[in-house]
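K.L.:
A structural model of the following input is requested.
(2 chains)
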2 protein chains.
Amino acid sequence: MKPLGDSNIPAASDVNLIATTPEPPYYAVIFTSRRSDGDRGYGAMAERMLKLASGQPGFLGFESVRGNNGLGITISYWKSEAAIAAWKSHSEHIPAQQAGKHVWYVDYQVRVARVERAYGKTS
Amino acid sequence: MKPLGDSNIPAASDVNLIATTPEPPYYAVIFTSRRSDGDRGYGAMAERMLKLASGQPGFLGFESVRGNNGLGITISYWKSEAAIAAWKSHSEHIPAQQAGKHVWYVDYQVRVARVERAYGKTS
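P.N.:
All right, here's what the predicted structure looks like:
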C-alpha cells in the first residue's frame, strides 16, 4: 500500500486492503489491543498517527481490523528495525503511546517480527 | 493462550483475548484475508481448523479479528518454523487451504515472521 497523501486520510477502520509489501525480508510491528469504553479522543488520534506513520522513512504499509468484540489488530510494515525505532521515538507518537497505555487500551501487546517469507492470492 | 480442549470450542470471532506467548524468539504466521460473500462452509471449517491447530506440537496461541468491512487478520504463534511446516502439511489442513484459495477468500496474504521482541500492558 502506498503512503497516504495529506488529504482525505481514511480512518484505519475504513481501509480493508491487504498491504502490498516487497519481497521479504522486512519487518512487521504487530499491535494487538483491547479498547476501553468510550472514544476519549481515540479516533482522531488513530487517524493522525496513521497519517504520520505513513509518511515516515521506511514505512511499507499497514493492515488494521477491530472486531465487534473490542479486539483489534494493527500491523505496520517497515523496511528495517531502525525505521521502527525512529517511529517509536517520534515526538508526536510518544504522547499517543502514553495515552494508549493509560487511557485507551485495557491491555495490548506489541510484537516486532522479521518477515522471512510471504505468499498469497491477489484479486 | 493455552490450547483449547475438545469441548466447547469457541469460534475464532468470539475470542477477544490477546495471546499469552513466551519470551521471544518464536514465530508468527500472519494471515490477512478478505472473505467472499456467503458462508459456504467457512464458519464450520474455521472452527475445526482452530481446534486442530491448537492441538498441534509447537502451537503457542492465536489472535483473530474480522472487521465489518470484510478484512480479517488471524495470527497464530508457533515455537518453530518446523511446527509451522508440519501444520501447513496436515492432512486435514490441506483441503481447507484449497477451499480458502478457491472459494472463501477474494484475496489473502500469508507472512511468516520471527518475533524478535515483545512488550505490552496486561490487564
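K.L.:
Chain A: helices as residue ranges?
P.N.:
Secondary structure of chain A, counting by DSSP state H: helices at A:42-54, A:81-88, A:93-99.
K.L.:
Buried ones in the last one, by neighbour count?
P.N.:
Across helix A:93-99, burial judged by 16 or more other CB atoms under 10 Å in any protein chain shown covers A:93, A:96. All C-beta spots, glycine's among them, are computed from the backbone N, C-alpha and C.
K.L.:
Could you measure from residue A:15 over to chain B?
P.N.:
8 Å (CB to the nearest CB, to the nearest Å).
K.L.:
what do you get for residue A:58?
P.N.:
Residue A:58 is 16 Å from chain B, by CB to the nearest CB.
K.L.:
pretty sure that residue contacts residue A:80?
P.N.:
Yes: with contact defined as CB atoms under 8 Å, residue A:58 counts as touching residue A:80 (5.6 Å).
K.L.:
tally of neighbours for residue A:115?
P.N.:
23 (other CB atoms under 10 Å in any protein chain shown).
K.L.:
do the same with residue A:53
P.N.:
Residue A:53 has 19 nearby residues by other CB under 10 Å.
K.L.:
Check residue A:84 too.
P.N.:
Neighbour tally, residue A:84, other CB under 10 Å: 20.
K.L.:
show me the contacts for it.
P.N.:
By CB atoms under 8 Å, 6 or more residues apart in numbering or on different chains, the contact set of residue A:84 is A:27, A:29, A:58, A:78, A:112.
K.L.:
now swap in residue A:77 and tell me
P.N.:
A:19, A:21, A:26, A:27, A:28, A:29, A:59, A:60, A:61, A:62, A:115.
K.L.:
cutoff 10 Å now
P.N.:
A:1, A:19-22, A:26-29, A:58-63, A:83-84, A:115, B:30, B:111 (CB atoms under 10 Å, 6 or more residues apart in numbering or on different chains).
K.L.:
And for residue A:109, the neighbour number?
P.N.:
Applying other CB under 10 Å, I find that residue A:109 has 18 neighbouring residues.
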